[in-house]
Structure formats: C-alpha cells, structure tokens
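> Provided below are the primary sequence and the corresponding predicted coordinates.
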Amino acid sequence: MMIPEASTVVHARAPGKINVFLKVGSLQDDGYHELATAFQAVSLYEDVWAYPADDFSVEFSGSIDTSDLVTDGSNLAIKAARALARKTGFRGGVRLVISKNVPIAGGMGGGSADAAATLLACDALWGTAVSKEELLAIAATLGADVPFAFMGGTAIGTGRGDQLSPALAKGQFHWVLALADFGLSTPGVYAELDRHRDRHAQDIFPAIMQPSVDAHVLQALRAGEPAMLAETLSNDLQAPALHLAPGLARVLELGEENGALAGILSGSGPTVAFLVADTDSALELQVALSALRIHAVRATGPVHGARLIHDA
Ligand code: C5P
C-alpha cells in the first residue's frame, strides 16, 4: 500500500461492523426507522491520512476499486471534516487520503468508518482537542452507524442505531465474509421492508412495538460462545435484501453447507457474514467459498473503535 509522504500527517483507523442482531421498528417522521441492534466491530479497517490543506479534498488509495465513490462535498469523510471545522471554528481545510478495506456499499459501515476516522484525524491534525463525547455527538449527525465506528467493540444501538451502550463480550468471534460484486442501497433495502410490511399489514403489529435486542444475543456475546450466538443471529433487513438480490440466498446456503455455524446478511447487505467456530474453520470455509468463485475474506471481532496510528 502506498502511504503518502508528508512532514505533517495524522493517520487514523476505524473498523467495519457486523450487526449480529437487527430488529427494525416503524418508520419515523425523520425518514429513519427506529431500531434495536447489536453491533460487533470486526478486523476490516479503513485507514485515513489527514494532511494540512487550505480547502477540503478526499482521494482513495489501496487495492479496492473506488471508481464509483464520490470525492466532492457529498463524500461522508468530507462532511465529517467540515462538521468538525464548523463545530470548532477551525478556519483551514484538510486533504484526506483513504485506504479502504471494508467492502463498498456492503452493509458493513465502510463509509461510516471513514467518517469516524476522519473526525479523529482532523481533531489531532488541527489540535482542536474536542472531547470524545462531542466527537460522538458530531458522528451521530453524519449517519446512523458513524457513532459505532467511532466507539467500536460490542454495543447495543437503539434509536436510529446511534444511541449506543456498550455490551459485554468475551473472547473473539471468527467470521468469513462473502463479498458481492454489486452494492445495495441502504435506503432501498429499508424501503423494500416497508413495502413488504404494507403488503402484509397483519405482520406489522409486532414491528411497530418498541424493538429490543433479544436477551439470548447478549447472553451469547457475554459467554463468548459462537455456537450460541449462531442460534440467535437475526436481521430484519435480510428478507427485503434477498428480495432485491435473490442470488444471496444461494450464497447463504453454500456457506452453511461448507461448515459455517450460521450465516447472516450484514446490515443492509449485500455482504453475507458467516460465523464459524474457530480460525481453522474460517480458513476452510474461505477456501471452499473461493473454490465456488465467491470472494471471501476472514475477520475477527470485537475490535477497537477509531484510533490514531503512529506510523513508524
Ligand atoms: O444514517 P445513514 O445515512 O447511514 O442512513 C441511510 C438511510 O438508511 C437513511 O436515509 C434511511 O433511509 C435508512 N435508515 C433507516 N433507519 C435507520 C437507519 C437508516 O431508515 N435506523
């Protein structure tokens, strides 16, 4: 990976995430759904380098094809930098260089991780010394998943998913992620869920009630037992995403036929996350999926949230 040279540069890193449980409640007036989710940060990271500059820009480096990503003011990393500048009264800008490892539009919060790492990097570069609480508050204005990318670890998210409380988790969970060669739009998947609920009005009632995280999920996370967690994986966005991208059903089957304890759509997809028992099973499943021409990567969780990296 090319790391650009500069006399002053700040490097920050933030993780992608898997929602091991995601219950979607009703659509609110602000266009968001109320939800209850359990997040786990996993070891696929976004790296952000921040350089002094008079205005705001972003570019991408690294191996993932980033040609579809916008680099203007609508890029979430630039929005994050501008939000911090506004909040602190900082008058300069920043040149951001981002190396991506989280799948793009994959349901793993890659864009949110860019924003979280950018907040931390700019705060350090500009010397604005904003508190963690304030950075989290700015994060929440940028997107529902940005606070969690900032916080990392294991957490329960309510509200839009941005009201976080840490959850106890023991040990490490092993995942194999099947990456798709297409993206799914998060609003599009939520809209499909709403259409489905409108068509099946009788199913709405339980969803309208305040969603909450199943106690068994918390128990499995606390116990550090993958077999237990596998039993409780659940995602309300999976059915609508499968409706929009029916081929994902076969991916889920293939993972489970090849040794996964369970598979789940990650967030709004299309990445499929397979929970496996240990490192060996992860390797075996990765090899099996690759032989079936499914691009698969391994990750573990939970991992830390956004942090500064001191390059040697
Ligand atoms: O906050 P973020 O930009 O990630 O959300 C993208 C879109 O996903 C929202 O505009 C909304 O359509 C949908 N969403 C939702 N309810 C949530 C989170 C996201 O409807 N809790």
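Arrived safely.
> around the ligand, pick out the residues from the chain.
Taking CB under 6 Å from any ligand atom as the measure of proximity, the chain contacts the ligand at Gly31, Tyr32, His33, Leu35, Gly143, Ala144, Asp145, Arg160, Gly161, Thr186, Pro187, Tyr190. (Glycine included, C-beta is placed from N, CA and C.)
> just to check, Phe173 is in contact with Arg298?
No - look at Phe173 against Arg298 with CB atoms under 8 Å: they stay out of range, at 11.5 Å.
> what's the farthest-apart pair in the residues of the chain next to the ligand?
Gly31 and Asp145 (15.6 Å; CB to CB).
> and these two? Which one has more around it.
Asp145 (29 against 9; other CB atoms under 10 Å).
> and what about the residue lying closest to that one once chain neighbours are set aside, helix, strand or coil?
Take Asp145 and drop its neighbours on the chain: the residue closest to it by CB to CB, 6 or more residues apart in numbering is Ser112, 3.9 Å away. When classified by DSSP: H, G, I helix; E, B strand; the rest coil, Ser112 comes out as helix.
> shouldn't Ser112 be in contact with Leu76?
Yes - counting by CB under 8 Å, Ser112 does reach Leu76; the two are 7.2 Å apart.
> which one of these two is surrounded by more residues?
Under the criterion of other CB under 10 Å, the comparison of Ser112 against Leu76 puts Ser112 first, with 28 against 21.
> and the more buried one, how far from Leu177?
Separation of Ser112 from Leu177 (CB to CB, to the nearest Å): 16 Å.
> what sits against the residue nearest to Asp145?
By CB atoms under 8 Å, 6 or more residues apart in numbering, the residues touching Ser112 are Lys17, Leu76, Leu142, Gly143, Asp145, Val146, Phe148, Ala149.
> mutual contacts of Ser112 and Leu76, please.
Leu142, Gly143, Val146.
> ok, which stretches of the stretch 51-200 of the chain are helices?
76-88, 110-126, 132-142, 146-151, 186-199 (DSSP state H, counting those that start in this stretch).
> let me fix that, I meant to ask about the stretch 201-312 of the chain.
Taking DSSP H, counting those that start in this stretch as the test, the helices found in the stretch 201-312 of the chain are 204-208, 215-223, 226-232, 238-244, 247-257, 279-291.
> mind listing what's buried in the second one?
It stands for helix 215-223. Residues Val217, Leu218, Ala220, Leu221 are the ones in helix 215-223 that count as buried (16 or more other CB atoms under 10 Å).
> of these, closest to the ligand?
Set against the ligand, the nearest of these by CB to the nearest ligand atom is Val217 (17.9 Å).
> residue nearest the centroid of the protein?
Nearest residue to the geometric centre of the chain (CA atoms, centre = their mean): Gly109, 2.4 Å.
> distance of Ala245 from Ala77?
With distances taken as CB to CB, Ala245 is found 27 Å from Ala77.
> who's more crowded, these two?
Neighbours per residue (other CB under 10 Å) separate Ala245 from Ala77, with Ala77 holding more: 30 against 18.
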